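Participant: Build me a structure from this.
(chains A and B)
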Amino acid sequence: MMENLIALFNFGFFRNAFIAAFFASITCGIIGTYIVSRRIVFISGGITHASFGGIGMGYYFGFNPILGAVVFGILSALGIEFFTKRADLREDSAIAILWSLGMALGVIFIFLTPGYAPNLMSYLFGNILTVSKEDLIYLLLLAIFVIGVFLVFYRMIIFVSFDEEFALTNNAPVRLFNALLISLVALTIVLNIRVVGIILVMSLLTIPQAIANLFTKRFDYMMFYSIGFGFLGSVTGLSFSYIYDIPSGAAIIFSLVVLYGLFKAGFVVFGKANLKHRKM
Amino acid sequence: MAGANDLDSKKAFKYALINLHKMDSLVDIRNLSAGYGQNIVLKDVNLSIQQFDFVGVIGPNGGGKTTLLKALLGLIPPLTGEIIYDELMTEGNTHRIGYLPQINNIDRKFPVTVFDVVRSGLMSRNRLIGRYSREENERANNLMSEMGIFGIGKKAIGELSGGQIQRALLCRALVNNPKLLILDEPNTYVDNRFERELYEKLKVLNDKLAILLVSHDLGTISTYVKSYACVNGSLHYHSGNKVTPDLLKSYECPIQIISHGEIPHTVLYNHKS
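Facilitator: Here you go, the predicted structure:
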């Protein structure tokens, strides 16, 4: 079976999928750690689904659906920031409204588009085996950008996210960083939609972090571990998807959850130190 | 002769200037009203905080203690009136205020180390990037050993006890050498021993900086503070740390009453029957 898997690398589509999994793990590992630490998983879910509106418009007006998703994603991310802080709207309500509004727009535009909507399923559930060179370039650029931002502004990002009020009293540019980071969250989500799809992308941003959190309680280590576990889960899922001929996105998520379950069980059985810690 | 006279008068002028500066208050709150939108919580507040002052801020819940803090910290703009900061207090566009928030404002599960939390007190708009200098790391380490949390710098904040988190946050508030330290109910969620230690620390710190302490527990703080600000919609200032029942009654502060005697003791209101 190993030989079979290695032989797979002769196929261009598999090489692309492998590289895509690598870039996806980097971007989702870093941004997911931010999302989980700040407890903005629900906001991220809202952004993910709101971006479907952009995909629908892409179909209708004939431009790249991912481009539409980028615009919708970033606008809804900034919209949630704005509405909850300035317009006195409850945060979870704002998220729910944008979440369903985006989905509704997407459905309307796809319905209005004459004929069959090709690849619609791949946007909903993702298909890492069909990523194009163009997708890979976008993912590479995103990975470079995310790594760059976190390398240069790491301390400020931690400062602003850990205790926003204290950061404000120190006159730190809290709003600027919140906007920058939520836009990065939106970009990461949208570009990874090609890999695992709208419905499943949240898991790439949370399950590797949950596994990493079993091992470490430091932001920097959590990013590195998440990248590692994300990549392990993606490649395992990719292989299963090929061997058993099941959809790749679902296979990746399933592998990640199984990985989490295995490590968690390992900690419960062997990791007494970890158990002691949780009692505190 | 004329030269010596000149020198003398110059000296006198210099000392006059120094004295003038000493008399200046660090922060002057003038006719301040503050609140949120249509809801005005504080009305017509006047307060000056002097250098090396130790103000105990007391008052009922919802009386505006937190609003006063937020206004002082620049988190909410004044609706009317103004807050004037002495130039001793300002450094670039930031005020030299150390802030210890209530401990339940902190997300204990956030993956961050104690050392990083302490050093984050050095961050501001003026230093977006760059590393901490060796001197800054040393200062953070010294502060941590002063506060009795040396050696736990590499632990995550979630692995600490309530008292240890308070100490770490106090280090964060002090690491940038503030002129005014603002503490928001530091005695919640900590045991009595830590509370006493904290107040003793504050007493020592008070030689170097002014302190504004918000507390429900007038009983304990009365031996430490130099003046009171009773906040209940408006603000009443009392210099000296003696508290009389009349004074408290007129401002409806539901707190304990202290009196001095042979042994330290606390006198409470009689029950209404």
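
Participant: can we go C-alpha only for contacts and neighbour counts from here?
Facilitator: Fine.

Participant: which parts of chain B sit against chain A?
Facilitator: Residues of chain B that fall close to chain A, judged by CA under 8 Å from any CA of the partner chain: B:73-75, B:93-95, B:99, B:101, B:105-107, B:109-113, B:117, B:120-121, B:123-125, B:128-130, B:156, B:159.

Participant: ok, 6 Å please
Facilitator: B:L73, B:F110, B:P111, B:V112, B:S124, B:R125, B:I129, B:A156 (CA under 6 Å from any CA of the partner chain).

Participant: element containing the fifth one, please.
Facilitator: Assigned by DSSP states H and E, B:S124 falls within no helix or strand.

Participant: Roughly how far does it sit from B:L170?
Facilitator: Noted for B:S124: a distance of 17 Å to B:L170, by CA to CA, to the nearest Å.

Participant: ok, now the last one?
Facilitator: Plainly put, B:A156 is 16 Å away from B:L170 if you go by CA to CA.

Participant: Now whichever residue of the stretch 1-150 of chain A sits closest to chain B: closest residue in space that isn't a chain neighbour?
Facilitator: Scanning the stretch 1-150 of chain A for the residue nearest chain B gives A:S37, at 5.5 Å (criterion: CA to the nearest CA). Nearest in space to A:S37, with sequence neighbours left out and distances taken as CA to CA, 6 or more residues apart in numbering or on different chains, is B:F110 at 5.5 Å.

Participant: is it true that that neighbour lies in a strand?
Facilitator: No - counting by DSSP: H, G, I helix; E, B strand; the rest coil, B:F110 is not part of a strand but coil.

Participant: Now do the helices in the stretch 151-273 of chain B.
Facilitator: For the stretch 151-273 of chain B, the helices defined by DSSP state H, counting those that start in this stretch occupy B:162-174, B:192-205, B:218-221, B:245-251.

Participant: wait, doesn't B:S33 sit right on B:I40?
Facilitator: No - using CA atoms under 6 Å, B:S33 is not in contact with B:I40; the gap is 7.1 Å.

Participant: quick one, phi psi at B:T80?
Facilitator: Main-chain torsions, B:T80, degrees, to the nearest 10: phi -140, psi 170.

Participant: give me the beta-bridge partners of it?
Facilitator: Taking DSSP bridges as the rule, B:T80 bridges to B:S33.

Participant: what about A:V269, how many neighbours?
Facilitator: 10 (other CA atoms under 10 Å in any protein chain shown).

Participant: could you say what helices and strands the helix or strand containing it packs with?
Facilitator: Assigned by DSSP H and E, A:V269 belongs to helix A:248-270. For helix A:248-270, the elements it packs on are helix A:219-243, judged by 3 or more CA pairs under 6 Å, 6 or more residues apart in numbering or on different chains; DSSP states H and E.

Participant: ok, now with 7 Å
Facilitator: The helices and strands touching helix A:248-270, judged by 3 or more CA pairs under 7 Å, 6 or more residues apart in numbering or on different chains; DSSP states H and E, are helix A:201-215, helix A:219-243.

Participant: So what's the model's average confidence on the first one?
Facilitator: Mean per-residue pLDDT for helix A:201-215: 95.

Participant: Check stretch A:98-114 too.
Facilitator: Across stretch A:98-114, the average pLDDT comes to 93.

Participant: got it, and stretch A:221-233?
Facilitator: Per-residue pLDDT values over stretch A:221-233 give a mean of 96.

Participant: That stretch close to chain B?
Facilitator: No - contact of stretch A:221-233 with chain B (CA under 7 Å from any CA of the partner chain) is absent, the minimum separation being 8.0 Å.

Participant: quick one: which of B:S33 and B:I40 has more around it?
Facilitator: Ranked by neighbour count (other CA under 10 Å), B:S33 and B:I40 place B:S33 first, with 24 against 14.

Participant: Show the subsequent helix or strand relative to the longest helix anywhere in chain A.
Facilitator: Longest helix in chain A, counting residues (DSSP state H): helix A:133-162. Heading C-terminal from helix A:133-162, the first helix or strand you meet, by DSSP H and E, is helix A:164-169.

Participant: Near chain B, which residues of chain A are found?
Facilitator: Residues of chain A that fall close to chain B, judged by CA under 7 Å from any CA: A:37, A:152-153, A:156, A:159, A:162-163, A:168-173, A:217-219.

Participant: per-domain residue ranges of chain B.
Facilitator: Domain assignment for chain B by automatic domain parsing gives B:21-96+B:179-273, B:103-177.

Participant: among the ones you listed, which is the most enclosed?
Facilitator: Highest mean neighbour count among these (mean count of other CA atoms under 10 Å in any protein chain shown): domain B:103-177, with a mean of 19.
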